[in-house]
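Q: Predicted model follows, preceded by the sequence.
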Amino acid sequence: MIFFLLQIFLVAVVAAVIWIRIKGVEYVIVNQRWIFVCFFLLPCSVVYDLLFYVRNWIVFQLSSAPKQHDKRVQDIQRQIREWRADGQQQLMCTGRPGWMTVSLRVGKYKKTHRNIKINLIDILEVDTKRQVVRVEPMASMGQITATLNPLGWTLPVLPELDDLTVGGLIMGVGIETSSHKQGLFQHTCVSFELVLADGSCVKCSKDENPDLFYAVPWSHGTLGFLVAAEIKIVPAQKFVKIEYFPVHKFEDVCTVFTEKVTEEPGHEFVECLVYSENKAVVMTATQTASAEPDKVNSIGNFWKPWFFKHVESFLKTGRGVEYIPLRHYYHRHTRSIFWELQDIIPFGNNPIFRYLCGWMVPPKISLLKLTQGETVRQLYEKHHVIQDMLIPISKLGDGLKAFHKELKLYPLWICPMLLPSAPGLVHPAGDKDEMYVDLGAYGEPKQPGFVAKETVRRLEEFVRSVDGFQMLYADCYMTNEEFRQMFDHTLYDKLRKELECEKAFPEIYSKICKSARH
């Protein structure tokens, strides 16, 4: 059977190559991108993942990562000393190519700044006594779960998508369906280690250099280079028991979701997928050691339907209960990149495709960016939206109405998060912890007259008006003044001066604003 499928695939590859030679690479990438993705990017992604997995396994088994870590940090310090010796003529940034990030855009500043090479991709230590894992900034979520879960541990907040890195989730932001209990990814971190503009390596935590500890999250590498982080770990169970609650009225979406978030005793995980103005499925889940055999759904298997399509089926069948293996649950949206893959491979959820090629899905996001070309990039910029907006849960109804009015884009992802009242760039307007929600919109808006810049600016204005925040991996059209209105720069500006960052690193805004990315 496997040999037969391999023959079919090879024949299809040959046919694809012939078609590309006839039509040209650019034509196929722009007009029939699925051909290029299915027959070239998917196989390349499989080979990359396989090699990286073997490499990580060997490194972890030999415990060689901690031995090499100090040398790698010293090399970063050497590069900074050389930058200082050269007269500090350029601002610094990491040397990681922009196409390798999960963000939709590529930073232009990489071409004008001094690129510091940072090769820190390993898990350094799993300390079960202290219940922390020490990792380097480029360690990914897929890498961490593959290491921790077999040991019986997991992260309190484990954001979706295998390729998300620790550094991106700390310097940027990370959220998951456990965030209503644990906060954002940054709030599960115990300490950070950074190399500063003077070349020194410092450690910070709530008790040691606390100002730096609270200023680092969301700072996008503008205070120093992250070289390691300690993150809390918690015991992991084998399954997640998940309950589905379909709703068919707009008012019920907000009511049921809020009830499940605040319900006592609390659920470990809560999320909601909104499929239209009036239809949604609210989900609650809790880890469990055992499961009812006839209700186990290994949703992560490549032949299974995409998770968001599976969830949608409960709008017809009514309430339901399932047991999903823990790692499958953590990466339930990975295979379909939430629902982005349906725009790239329209037949990707077809059973035939899933059985024949589903084991190669998803393509690496970095490879998609690397090969998209200028024409595809412009099409995405004009007709595609990827945005996550954080607003108080009390404003959820207003947020859904605003997204419907401006985008008419479904599904929408709703994820709750507890935002602690703590120093830093992001905190509630008052002096108390507050429950927020993330409204995630990914895809092609159906609203007639959609214009990316004007539409996103109106959404940004709404979010500022309710004391919310925009995730900065996405296109940001705010002015610098508006950006500072949204994010509290008090502590950040203080640290920038104390650590002499003005001549070493750009400000956040100059790295994330739309004009700094393409």
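A: It's in.
Q: Report pLDDT for the most centrally placed residue in the chain.
A: Against the mean C-alpha coordinate of the chain, by CA atoms, centre = their mean, the closest residue is Leu164 at 5.2 Å. pLDDT, Leu164: 92.
Q: Excluding sequence neighbours, find me the nearest residue to it.
A: For Leu164, the nearest residue in space outside its immediate sequence neighbours is Met141; the separation is 4.8 Å by CB to CB, 6 or more residues apart in numbering. The way it works is simple: take the backbone N, C-alpha and C, and place the C-beta from them, glycine included.
Q: what's near enough to touch that neighbour?
A: For Met141, the residues meeting the contact criterion (CB atoms under 8 Å, 6 or more residues apart in numbering) are Leu158, Pro159, Glu160, Leu161, Asp162, Asp163, Leu164, Thr165, Leu169, Tyr330, His331.
Q: what about it, distance to Phe185?
A: Between Met141 and Phe185 the distance is 10 Å, computed by CB to CB, to the nearest Å.
Q: anything in contact with each of the two?
A: Common neighbours of Met141 and Phe185, using CB under 8 Å, 6+ apart, are Pro159, Leu169.
Q: Where does pLDDT dip in the chain?
A: Low-confidence segments of the chain, defined by pLDDT under 70, are located at 1-32, 59-65, 104, 518.
Q: Where does His69 fall, secondary structure wise?
A: Assessed by DSSP states H and E, His69 sits inside helix 65-85.
Q: buried stuff in that helix?
A: Going by neighbour count (16 or more other CB atoms under 10 Å), the buried part of helix 65-85 is Ala65, His69, Arg72, Val73, Ile76, Gln77, Gln79, Ile80, Trp83.
Q: any idea which of these is closest to Glu259?
A: In terms of CB to CB, no member of these lies closer to Glu259 than Ala65, at 44.8 Å.
Q: residues near the nearest residue to His69 once chain neighbours are set aside, how many?
A: If the residues on either side of it in the chain are set aside, His69 comes closest to Leu124, at 5.8 Å by CB to CB, 6+ apart. For Leu124, the count of nearby residues is 21 (other CB atoms under 10 Å).
Q: just checking, Leu124 touches Val132?
A: No. Leu124 sits out of contact with Val132 when judged by CB atoms under 8 Å, with a separation of 10.7 Å.
Q: re the thing from before, tell me the secondary structure of the residue nearest to His69, please.
A: Under the three-state scheme (DSSP: H, G, I helix; E, B strand; the rest coil), Leu124 adopts strand.
Q: can you pull the contacts of it?
A: Taking CB under 8 Å, 6+ apart as the contact definition, Leu124 lies against Ala65, Pro66, His69, Arg134, Val135, Glu136, Ala228.
Q: Which of the contacts of Met141 sits closest to Val37?
A: Set against Val37, the nearest of those by CB to CB is Asp163 (15.9 Å).
Q: Excluding chain neighbours, what is closest to Gly95?
A: On the basis of CB to CB, 6+ apart, the spatially nearest residue to Gly95 that is not a chain neighbour turns out to be Asn115, at 3.6 Å.
Q: which residues does that neighbour bridge with?
A: Counting by DSSP bridges, Asn115 is bridged to Cys93.
Q: Kindly tell me how buried it is, as a neighbour count.
A: 16.
Q: Could you do the one 10 residues further on as well?
A: Residue neighbour count, defined by other CB under 10 Å, stands at 15 for Glu125.
Q: what's the answer for the one 4 residues further on, then?
A: The number of residues packed near Lys129 is 5, by other CB under 10 Å.
Q: Need the phi and psi values for it.
A: When read as degrees, to the nearest 10, the backbone of Lys129 gives phi -70, psi -50.
Q: can you check Val281 too?
A: The phi/psi pair for Val281 (degrees, to the nearest 10) reads phi -130, psi 120.
Q: let's number from 525 now, not from 1
A: With 525 as the first residue, the last one maps to Val805.
Q: gap between it and Asn643?
A: Here the criterion is CB to CB. By it, Val805 lies 42 Å from Asn643.
Q: Name the residue in these two with the higher neighbour count.
A: Remark: of Val805 and Asn643, Val805 carries more neighbours, 25 against 13, as counted by other CB under 10 Å.
Q: Which strand residues bridge the more buried one?
A: Val805 has these beta-bridge partners by DSSP bridges: Pro770, Leu797.
Q: Surely it touches Val771?
A: Yes. If you go by CB under 8 Å, Val805 and Val771 touch, sitting 7.4 Å apart.
Q: All the strands of the stretch 775-924 of the chain, residue numbers only.
A: Counting by DSSP state E, counting those that start in this stretch, the segments of the stretch 775-924 of the chain that form strands are 793-798, 804-812, 844-849, 909-916.
Q: again, but for the stretch 625-774 of the chain
A: Counting by DSSP E, counting those that start in this stretch, the stretch 625-774 of the chain has strands at residues 638-640, 647-651, 656-659, 677-678, 713-719, 725-729, 749-756, 758-759, 763-771.
Q: Quick one: closest of those to Val570.
A: Of all those, the one in closest proximity to Val570, counting by CB to CB, is strand 647-651 (22.4 Å).
Q: Tabulate the CA atom coordinates of the closest one in PDB.
A: Listed next in PDB are the C-alpha coordinates belonging to strand 647-651 (Å, rounded to 0.1, in the frame of the first residue of the first chain):
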ATOM      1  CA  ILE A 647      16.500  22.800  25.800                       C
ATOM      2  CA  LEU A 648      19.200  23.100  28.500                       C
ATOM      3  CA  GLU A 649      17.700  21.500  31.600                       C
ATOM      4  CA  VAL A 650      14.500  20.000  33.000                       C
ATOM      5  CA  ASP A 651      14.500  20.500  36.700                       C
END
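Q: So what are the sheet partners of it and their directions?
A: Here strand 647-651 is paired, per DSSP bridges, with strand 656-659 (antiparallel).
Q: so how far is the strand it pairs with from its chain's centroid?
A: Computed by CA atoms, centre = their mean, to the nearest Å, the separation of strand 656-659 from the middle of its chain amounts to 19 Å.
Q: quick one: contacts for the residue nearest to the centre of the chain?
A: Counting by CB under 8 Å, 6+ apart, Leu688 touches Val626, Ser664, Met665, Gly698.
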